[in-house]
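# with the input below, show me the fold.
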Amino acid sequence: MIKIHKSNDRGHANHGWLDAHHTFSFADYYNPEKTHFRTLRVINEDRVAPEKGFGMHPHRDMEIITYVISGALRHSDSMGNTAVMRAGDVQRISAGTGIMHSEFNDSAVEPVHLLQIWLFPDHKNAKPSYAEKSFAGVEPGRLHLVASKTGKDGSIAINQDTSLYLGKFKKGDVAHHSLATGRHAWLQVIRGDVDVNGSQLQAGDAVEASEVDSLTITATKTSDFLLFDLN
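Reported below is the predicted structural model:
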């Protein structure tokens, strides 16, 4: 089964300093048909105004992945980690027994554009941990593993049996991704246009796939996307 989720069907909140689109129910946006997909709980596309952001706030028992699309995001947390993340950087926080963190736009003039993703962990009360890695220079036209349960192939390890791939495709690039029996997929388009098994998607659109053997992804213009292989 292939199901398309259009960008305009997402929840939307504009707070002036924050323009946010919510793929799944989040904050004041609630849709009983869109609370999560498998272990994927949140995909928020945020644009944060210069020097604005989220002050220290708590999380626990969640795998939090942030992907910076453009701009610079300043992070600090109760584990003592600080960082300024830029386009192509991926950050993972395993909140576990509990952490506090803040996120601010590090620029005085440019907005920061990012995706924040939450995954349910495969066990609760894990020891909190942090990791960050740049994927800005990955080779176009391939699926690059950026996060996985085991941290294989240079990916960031997460507490969930999910493989997260980044694609940066030029027009005409094609990739095939096989799904093992019982696995599911979610593809989120960041920018550009892609065709997934004959369905056309644009920036902000997504496709969920269950009970299919494989996905064929073709870029119909220069495109970036994330692909989740989920249990």
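
# alpha carbons only for contacts and neighbour counts from here, please
Will do.

# for residue 147, give me its contacts.
Listed by C-alpha atoms under 8 Å, 6 or more residues apart in numbering, the contact partners of residue 147 are 155-158, 162-165.

# now do 10 Å
Going by C-alpha atoms under 10 Å, 6 or more residues apart in numbering, residue 147 touches 65, 90-92, 153-158, 160-166, 228.

# same check, this time on residue 97
By C-alpha under 10 Å, 6+ apart, the contact set of residue 97 is 59-62, 124-128.

# buried members of those into PyMOL, please.
Buried members of these, defined by 16 or more other C-alpha atoms under 10 Å, are picked up in PyMOL with:
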select buried, resi 59+60+61+62+126+128
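
# between the contacts of residue 97, which is nearest residue 203?
Nearest to residue 203 among these: residue 62, at 26.4 Å, using C-alpha to C-alpha.

# burial check on residue 1, number of neighbours?
Around residue 1 sit 8 other residues, with neighbours defined as other C-alpha atoms under 10 Å.

# now residue 152: phi and psi?
Dihedral angles phi and psi of residue 152 (degrees, to the nearest 10) take the values phi -70, psi 160.

# list the contacts for it?
Counting by C-alpha under 10 Å, 6+ apart, residue 152 has contacts 145-146, 163.

# okay, the residues you listed in a markdown table with neighbour count, secondary structure and distance to residue 97 next?
Output for those, formatted as a markdown table (neighbours: other C-alpha atoms under 10 Å; DSSP: H, G, I helix; E, B strand; the rest coil; distance: C-alpha to C-alpha, whole Å):
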| residue | neighbour count | secondary structure | distance to residue 97 |
| --- | --- | --- | --- |
| 145 | 21 | strand | 27 |
| 146 | 23 | strand | 24 |
| 163 | 23 | strand | 23 |
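
# on that earlier part again, just the buried subset of the contacts of residue 147, please.
Buried members of the contacts of residue 147, counted by 16+ other C-alpha under 10 Å: 65, 90-92, 155-158, 160-166, 228.

# flag the shaky bits of the chain, pLDDT-wise.
Along the chain, no part satisfies pLDDT under 70.

# all helices of it, in order?
Applying DSSP state H to the chain gives no helices.

# from the contacts of residue 152, which is closest to residue 99?
residue 146 (22.8 Å).

# name the nearest residue to that closest one, ignoring sequence neighbours.
Spatial nearest neighbour of residue 146, chain neighbours left out: residue 155 (4.4 Å); criterion: C-alpha to C-alpha, 6 or more residues apart in numbering.

# and the one you found, what does it touch?
Residues near residue 155 by C-alpha under 10 Å, 6+ apart: 90, 133, 135, 144-149, 163-165.
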